[in-house]
Each structure stands twice: as C-alpha cells, then as structure tokens.
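Asker: Give me a model of this one.
(chains A and B)
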Amino acid sequence: MTDILIMILSTVGAIFVLISSIGIVRMPDFYTRLSITIKAATLGIGCILTAAAIHFAEFSTTTKVLAIVFFLFITSPVAAFLIARSAYISGIKLWKRSVVDELQDKYDNKNEIPVNPCKEEGEE
Amino acid sequence: MLKYFLLNLLLTFVWVALTGQLNYSNFVFGGAAGFFILWMLTRRSRNADKEYFYRVPKILVFILYFLYDMMEANLRVAIDVMTPNYHTTPGIIKYKLDAKTDFEITMLTNIIALTPGTMVIDIAEDKSYVYIHTMYLTDKKKFIKNLKARTETKLLEILR
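Answerer: Have a look, this model is predicted:
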C-alpha cells in the first residue's frame, strides 16, 4: 500500500518537473515561461519530498520535509513576483497574441496589445 | 484566540509526554484530542472564546481546497505544454483588492502565484490594486469574480 503511494507520488513529482522544463523551451514569451517554471517545479518538488517522507517514515525526516516544503511555498512566489516585476520595468515585451495589458500605462513599456479588450468596451 | 492555541499545544505535549511515543501520528491524535476537550469546555462561554474553534476547521478546509485548485490548474498547464498548439491567451489585468494590510496582501499574492497560470506582476502605489498576469483569460469579469469568490473572500475570512 505505502509502496504504491510512494510510486505514485514520486512519478507525479518527476512528471511535473519534466513538464516545467519542457515548458521553458516551448512557451512563447518570458512571462508564461516564468509562470510555468515556478509552479510546476514547486509542486513537483513537494510531491517528491512527500514520497521521501513516507519512504523513510521517521519523525526527523518528516519534520525536515515539512520545513523544506513550507519555506519553498513561502519563498518561490516572492521570487517570481520580483523577477516578473523587474522584467516588466526593464521593458520585456509580452507575447504578440496576448489579449489585454492593463499595466502598460504605468511604466513606459508600450505593446501593441489593447488596454481594454474589444468585448469589454463601454465599461469603466 | 492565541490563548486557546497555546492551550491546545500544551495539551498536545502533555498527551505525547504521557504516552511516551514520539511519532507524528501520536502528535496529531494528541492535538485532535486537545482540540475536542477545549471545544467541550468552552461550549457555554462567550462568543469571543469560541472564535478559535470556528477558525481551525476553516483553515484546514482552505488548505485542502487550495491543494485541489493547484492540482487542477497544474493539469491544465501540463496539457497545454504537452499538446502541439498554443491554447494560452495571456494578459495582464487590474484587480481591485479587498485586503488592506501588508500581511494580507502578501498571503494573497503568494496564493495567486502558486495557482498555475496566474502571477502577480505589480502592486499599485496605494495598495488598492494588483496587476495579475494570467495565462487563460477568456472573460475578464468572470475571472475577477471567480478570483474574488474562490480565493480572496475565503482567505480574508481566515485572516481577520
């Protein structure tokens, strides 16, 4: 029973890490790439660590795994936010097929993307 | 609130010390037993005392719900990465915050960043708006309504 659980968790974790690394190659622009990398990798590492905790079934291992997962979940979104913000301010463009960009008035980062999408006209 | 949390922690340690087994299922059981005892003791007291007992189940439900949301969105992103064509419709939208303090905004930002496809890019100077980059934007109003109902309201219920 626990063997099956360990197999499922570690496989799922490895698949998520694989997906995030394929996503870096495949996604069209910087922001989608960042967005995929941060989350899929976080979840993948979380799954692998949980599998390790179940495999060893010791108190000290479990507490260490909980601490690592906690800090990972706290820190990686902050890193993503700072990277994305500095990228936007330094003028990296969005993908040309993006739907809407409501931030472009605040910084001098002009895209050819509409501030308001067509279907939202007459609002605000 | 804090008083009952500390009492619960104390009861957990008393349980673990008395049974003498230092494994974590024993910790969980001691915590649950302590919670139940405190709940029984405060059933007839003032409402302010009972707050802790409403909040703890809510936090547990929120964590489960968040994990479910994260898995679902991750699968969507995974399918998008694996299949040949791009299905993404990315965009940056403005989102009005109900959260006021720095701590609430930080927690909300973290949760938005961890659900795949969405990511906070910037916060307005007066902390009333955040700019969210999302990968699947079909209907702006629906997206904002969804985020407000599913994430922000629930989070603020816990934190306030």
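Asker: Could you point out the longest helix of chain A?
Answerer: The residue-count maximum for a helix in chain A (DSSP state H) belongs to helix A:59-89.
Asker: so, in contact with chain B or not, that one?
Answerer: Yes. Using Cβ under 8 Å from any Cβ of the partner chain, helix A:59-89 reaches chain B at A:59, A:62-63, A:73-74, A:76-78, A:80-81, A:84-85, A:88. To be clear about C-beta, it is placed using only N, CA and C from the backbone, and glycine gets the same treatment.
Asker: What sits closest to the residue in chain A positioned nearest to chain B if chain neighbours are left out?
Answerer: When distances are taken as Cβ to the nearest Cβ, chain A reaches nearest to chain B at residue A:77, 3.3 Å away. Among residues not flanking residue A:77 along the chain, residue B:113 sits closest, at 3.3 Å (Cβ to Cβ, 6 or more residues apart in numbering or on different chains).
Asker: for residue A:57, same thing?
Answerer: Residue A:57 sits nearest to residue A:2 (Cβ to Cβ, 6+ apart), 7.9 Å away.
Asker: Equivalent analysis for residue B:118, please.
Answerer: residue B:134 (4.7 Å).
Asker: Report the contact partners of that neighbour.
Answerer: Applying Cβ atoms under 8 Å, 6 or more residues apart in numbering or on different chains, we find residue B:134 in contact with B:90, B:91, B:92, B:93, B:117, B:118, B:119, B:143.
Asker: Please identify the residue most distant from the middle of chain B.
Answerer: Centroid-distance maximum for chain B: residue B:84 at 34.2 Å, with Cα atoms, centre = their mean.
Asker: What's the per-residue pLDDT of that one here?
Answerer: You'll see residue B:84 listed with a pLDDT of 77.
Asker: Distance check, it against chain A.
Answerer: Computed as Cβ to the nearest Cβ, to the nearest Å, the residue B:84 to chain A distance reads 10 Å.
Asker: sec struct for that residue, please.
Answerer: Using DSSP: H, G, I helix; E, B strand; the rest coil, the structure places residue B:84 in coil.
Asker: Distance of the residue lying closest to residue B:49 once chain neighbours are set aside relative to residue B:6?
Answerer: Nearest residue to residue B:49, sequence neighbours excluded (Cβ to Cβ, 6+ apart): residue B:42, at 4.9 Å. From residue B:42 across to residue B:6, the span is 14 Å (Cβ to Cβ, to the nearest Å).
Asker: Comparing those two, which residue is more hemmed in?
Answerer: residue B:42 (15 against 10; other Cβ atoms under 10 Å in any protein chain shown).
Asker: for that one, what are its contacts?
Answerer: Counting by Cβ under 8 Å, 6+ apart, the residues that residue B:42 touches are B:4, B:49, B:50, B:53.
Asker: Tell me the buried residues in the helix or strand the second one falls within?
Answerer: If I follow you right, that is residue B:49. In this assignment (DSSP states H and E), residue B:49 forms part of helix B:47-82. Neighbour counts using 16 or more other Cβ atoms under 10 Å in any protein chain shown place B:49, B:52-53, B:55-56, B:62, B:66, B:69-70, B:73-74, B:77-78, B:80-81 of helix B:47-82 among the buried residues.
Asker: so what does it touch, helix or strand wise?
Answerer: Under the contact criterion of 3 or more Cβ pairs under 8 Å, 6 or more residues apart in numbering or on different chains; DSSP states H and E, helix B:47-82 touches helix A:2-26, helix A:30-56, helix B:2-19, helix B:24-41, helix B:102-114, helix B:153-159.
Asker: Output the ones you listed as CSV; include the columns mean pLDDT and distance to residue B:127.
Answerer: As requested, those are exported to CSV (pLDDT from 0 to 100; distance: least, Cβ to Cβ, whole Å):
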stretch, mean pLDDT, distance to residue B:127
helix A:2-26, 88, 31
helix A:30-56, 86, 22
helix B:2-19, 86, 27
helix B:24-41, 86, 36
helix B:102-114, 84, 6
helix B:153-159, 80, 15
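Asker: so which of the ones you listed comes closest to residue B:147?
Answerer: helix B:102-114 (7.5 Å; Cβ to Cβ).
Asker: Neighbouring strands of the very next helix or strand once past the closest one in the sheet, and parallel or not?
Answerer: The helix or strand immediately downstream of helix B:102-114 is strand B:118-123, counting by DSSP H and E. Strand pairing for strand B:118-123, using DSSP bridges, gives strand B:129-134 (antiparallel).
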